[in-house]
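A.B. asks: Sequence isn't available, so here's the structure alone:
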């Protein structure tokens, strides 16, 4: 069945160009010149996704987004914001109101297509079973996420347990630096992951037994990942009986959308601060969009002793101090849960 996309955009030239591009990609399109017409069409047409401008005549895009998310029939419909507004406050408000993703104009067409593909078609069906198990780690500060991935990986490695950390930030060598091992000198093109022999030569080995893949490059501009890159990598890694930590960038959200249905658990790593917690809302919106069960989502918080308790609605798996290592009691609590995951392939937050 052809997927239908509603474009809510008052600039006719922009709307027509978008329609031509999307139709070339195989989508059907509808156009609404303002928010009220868009609301009516969303309620009467069968839609797969909405592209929403913010600066509309009459009711602006934020008001339309709020109304769409408060409609019981439409609240789960993917909505991608396309706007020239580039302030962080605008992005945060859109995220709080339930936007699936936010793309600033002008943008690369490939970036838009990737976002649409991610929103409409997860990488694999959630029920697909593989010998390996995977855990996603994502958060607003890359160094903090990397430290959790590295220290948890070190704590989990033992005879008979294979653990691989995969750094999916393009060109990143952060994990190698934290582990004190020499990073790969040449970036690895993820499209080559289809060739197991090439992939194996790029895996770094720590003295503990922990394995690392970093300095990776996707097929899109700037080394960003494409769906085909992730498909090749996950197929290669999860066909083995091992635990894989995928360390993802928080933006763009396409990788999270594609990998979340695969993962046994998604860990959102962030400081226990209102601003950084708010920055994770996009990730939560996307996970909800793909109906990832709440029992497969948990937080790992960095917190100082004097800070207030985290919001009670969060499922907090571990609270870590700013400095910690693999022996820290809070990290050990996380490791115990992950060991259970590795043994029986299921996840429950008690």
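C.D. replies: Noted; the coordinates are in hand. Just so it is clear, the structure is predicted and the values come from calculations on it, not from any experiment.

A.B. asks: what residue ranges in the stretch 201-350 of the chain score low on pLDDT?
C.D. replies: 306-307, 341-350 (pLDDT under 70).

A.B. asks: Can you pull the domain assignment for the chain?
C.D. replies: Annotated domains of the chain cover 4-120, 133-344 [automatic domain parsing].

A.B. asks: which residue ranges form the strands in the stretch 101-250 of the chain?
C.D. replies: Residue ranges of the strands in the stretch 101-250 of the chain, as given by DSSP state E, counting those that start in this stretch, are 101-104, 133-139, 163-167, 188-189, 204-205, 211-213, 216-217, 243-249.

A.B. asks: how about the ones you listed in CSV, adding distance to residue 274 and mean neighbour count?
C.D. replies: (Glycine included, C-beta is placed from N, CA and C.) What follows is these, written out as CSV (distance: least, Cβ to Cβ, whole Å; neighbours: other Cβ atoms under 10 Å):
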stretch, distance to residue 274, mean neighbour count
strand 101-104, 20, 21
strand 133-139, 15, 25
strand 163-167, 28, 24
strand 188-189, 38, 18
strand 204-205, 37, 15
strand 211-213, 33, 24
strand 216-217, 33, 21
strand 243-249, 22, 25
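
A.B. asks: so which of those comes closest to residue 68?
C.D. replies: Closest approach to residue 68 among the strands of the stretch 101-250 of the chain (Cβ to Cβ): strand 101-104, 14.5 Å.

A.B. asks: Show me what the closest one is packed up against.
C.D. replies: Applying 3 or more Cβ pairs under 8 Å, 6 or more residues apart in numbering; DSSP states H and E, we find strand 101-104 packed against strand 79-83, helix 88-97, helix 109-120, helix 281-289.

A.B. asks: from the chain's centre, how far out does it sit?
C.D. replies: Chain-centre distance of strand 101-104: 14 Å, with Cα atoms, centre = their mean, to the nearest Å.

A.B. asks: Then stretch 49-63?
C.D. replies: Going by Cα atoms, centre = their mean, where stretch 49-63 is centred and where its chain is centred differ by 24 Å.

A.B. asks: hang on, the earlier thing: okay if I get the strands of the stretch 101-250 of the chain as JSON lines plus distance to residue 50?
C.D. replies: Shown next, in JSON lines, are the strands of the stretch 101-250 of the chain (distance: least, Cβ to Cβ, whole Å):
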{"stretch": "strand 101-104", "distance to residue 50": "11"}
{"stretch": "strand 133-139", "distance to residue 50": "25"}
{"stretch": "strand 163-167", "distance to residue 50": "33"}
{"stretch": "strand 188-189", "distance to residue 50": "34"}
{"stretch": "strand 204-205", "distance to residue 50": "43"}
{"stretch": "strand 211-213", "distance to residue 50": "36"}
{"stretch": "strand 216-217", "distance to residue 50": "32"}
{"stretch": "strand 243-249", "distance to residue 50": "25"}
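
A.B. asks: Of all those strands, which one comes closest to residue 57?
C.D. replies: Of all these, strand 101-104 comes closest under Cβ to Cβ, at 20.8 Å.

A.B. asks: List the strands paired with that closest one, with their directions.
C.D. replies: Using DSSP bridges, strand 101-104 pairs in its sheet with strand 79-83 (parallel).

A.B. asks: Give me the contact list for the partner strand.
C.D. replies: Applying Cβ atoms under 8 Å, 6 or more residues apart in numbering, the contact partners of strand 79-83 are 9, 49-55, 61, 65, 68-69, 90, 94, 98-105, 107, 112, 115-116, 119.

A.B. asks: average pLDDT for that strand?
C.D. replies: The pLDDT scores in strand 79-83 average 94.

A.B. asks: Buried among the contacts of strand 79-83? Need that as a selection in PyMOL.
C.D. replies: In PyMOL, this line selects whichever of these come out buried by 16 or more other Cβ atoms under 10 Å:
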select buried, resi 9+49+50+51+52+53+54+61+65+68+69+90+94+98+99+100+101+102+103+112+115+116+119
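
A.B. asks: low-scoring stretches of the stretch 1-150 of the chain, by residue?
C.D. replies: Within the stretch 1-150 of the chain, the stretches with pLDDT under 70 are 1, 121-130.

A.B. asks: how does it look with 80?
C.D. replies: Residues of the stretch 1-150 of the chain meeting the criterion pLDDT under 80: 1-2, 114, 117-132.

A.B. asks: show me where it has helices.
C.D. replies: With helices called from DSSP state H, counting those that start in this stretch, the stretch 1-150 of the chain shows them at 12-24, 35-44, 61-69, 88-97, 109-120, 142-156.

A.B. asks: Tell me the helices and strands packed up against the shortest one.
C.D. replies: Applying 3+ Cβ pairs under 8 Å, 6+ apart, one finds that helix 61-69 makes contact with helix 35-44, strand 49-52, strand 79-83, helix 88-97.

A.B. asks: Would you mind confirming that residue 28 makes contact with residue 19?
C.D. replies: No - assessed by Cβ atoms under 8 Å, residue 28 is found out of contact with residue 19, at 9.4 Å.

A.B. asks: Who has more neighbours out of those two?
C.D. replies: Set residue 28 next to residue 19 and count neighbours by other Cβ atoms under 10 Å: residue 19 wins out with 19 against 15.

A.B. asks: Tell me which residues touch the more buried one, please.
C.D. replies: The contact partners of residue 19, taken as Cβ under 8 Å, 6+ apart, are 7, 29, 31.

A.B. asks: Any idea what the first one is bridged to?
C.D. replies: Meaning residue 7. Beta-bridge pairing of residue 7 under DSSP bridges involves residue 31, residue 51.

A.B. asks: could you list every residue that touches it?
C.D. replies: Residue 7 makes contact with 15, 18, 19, 22, 29, 30, 31, 32, 50, 51 under the criterion Cβ under 8 Å, 6+ apart.
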